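**Student:** Model the following, please.
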Amino acid sequence: MRANSTEVGVRTFVHSAERGLVGIEESQAVFGRDLYVQGSVELRVNGVVILDRDNVDTVDALWSLFLACLGDFLEKGYGVLRFPECAYVLTLERVTGGRIVLKFEGPNAKRSASGGEREVMDGLLLGAAEFFQAVLDTSPRDEWGYRRDLGTALLLRDGLLKG
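**Tutor:** Reported below is the predicted structural model:
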């Protein structure tokens, strides 16, 4: 790892009645906006767990809301993600030196970390793109909304990489 670099890990899990939480890449779950598929996003920044597998919610709605939060952050320097079904909140705030602070709050949980804005945003947007591509690969239903979300993730990521 280079000096001043940020290590970011993003992984999406889907709840399976038979196998518990499995990675989206292993899941064959069929998604639809009315199916309420449960899952979680695991987010680590420089080894600090910000979101973990236990923060289960409706995972496709969570990623859609995540994209809105990331868009707000890129535009305004501040974004808030309120989980769709749980009392969890993730905030992202731009600070000096090209850095971002992430804060997670939920029942009996408070976690925070900071890292390079570009690396954190790239990791999150790549995670969103990977999620929506996996959904499109297994779920032809309702694909227009998922295709739109995939396009949004790719567009935001492209803008980040060019900027």
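**Student:** who's in contact with the residue nearest to Leu154 when sequence neighbours are not counted?
**Tutor:** Distances taken as C-beta to C-beta, 6 or more residues apart in numbering place Ala129 nearest to Leu154, at 5.6 Å, with adjacent residues excluded. Every C-beta, even on glycine, is put in place using the N, C-alpha and C of the backbone. Counting by C-beta atoms under 8 Å, 6 or more residues apart in numbering, Ala129 makes contact with Leu150, Ala153, Leu154, Arg157.
**Student:** Over to Phe131?
**Tutor:** Shown in contact with Phe131 (C-beta under 8 Å, 6+ apart): Thr12, Ile24, Val59, Asp60, Trp63.
**Student:** Sort out for me which of those are in helices.
**Tutor:** Taking DSSP state H as the definition of helices, these contribute Val59, Asp60, Trp63.
**Student:** got a pLDDT number for Gly151?
**Tutor:** At Gly151, the model reports a pLDDT of 95.
**Student:** for Val59, same thing?
**Tutor:** 96.
**Student:** Same question for Met1.
**Tutor:** On pLDDT, Met1 comes in at 41.
**Student:** same question, Leu161
**Tutor:** pLDDT at Leu161 comes out at 79.
**Student:** Now for it: which residues touch it?
**Tutor:** Leu161 touches Asp122, counting by C-beta under 8 Å, 6+ apart.
**Student:** That one looks like it's in a helix, true?
**Tutor:** Yes: with DSSP: H, G, I helix; E, B strand; the rest coil as the criterion, Leu161 is part of a helix.
**Student:** any idea how far it lies from Leu70?
**Tutor:** As judged by C-beta to C-beta, to the nearest Å, Leu161 and Leu70 stand 14 Å apart.
**Student:** Pretty sure Gly71 sits against Leu156.
**Tutor:** Yes: counting by C-beta atoms under 8 Å, Gly71 does reach Leu156; the two are 6.2 Å apart.
**Student:** Looking at those two, which is more packed in?
**Tutor:** Neighbour count, other C-beta atoms under 10 Å: between Gly71 and Leu156, Leu156 has more, with 21 against 17.
**Student:** Skipping adjacent residues, who's closest to the more buried one in space?
**Tutor:** Spatial nearest neighbour of Leu156, chain neighbours left out: Leu125 (5.4 Å); criterion: C-beta to C-beta, 6+ apart.
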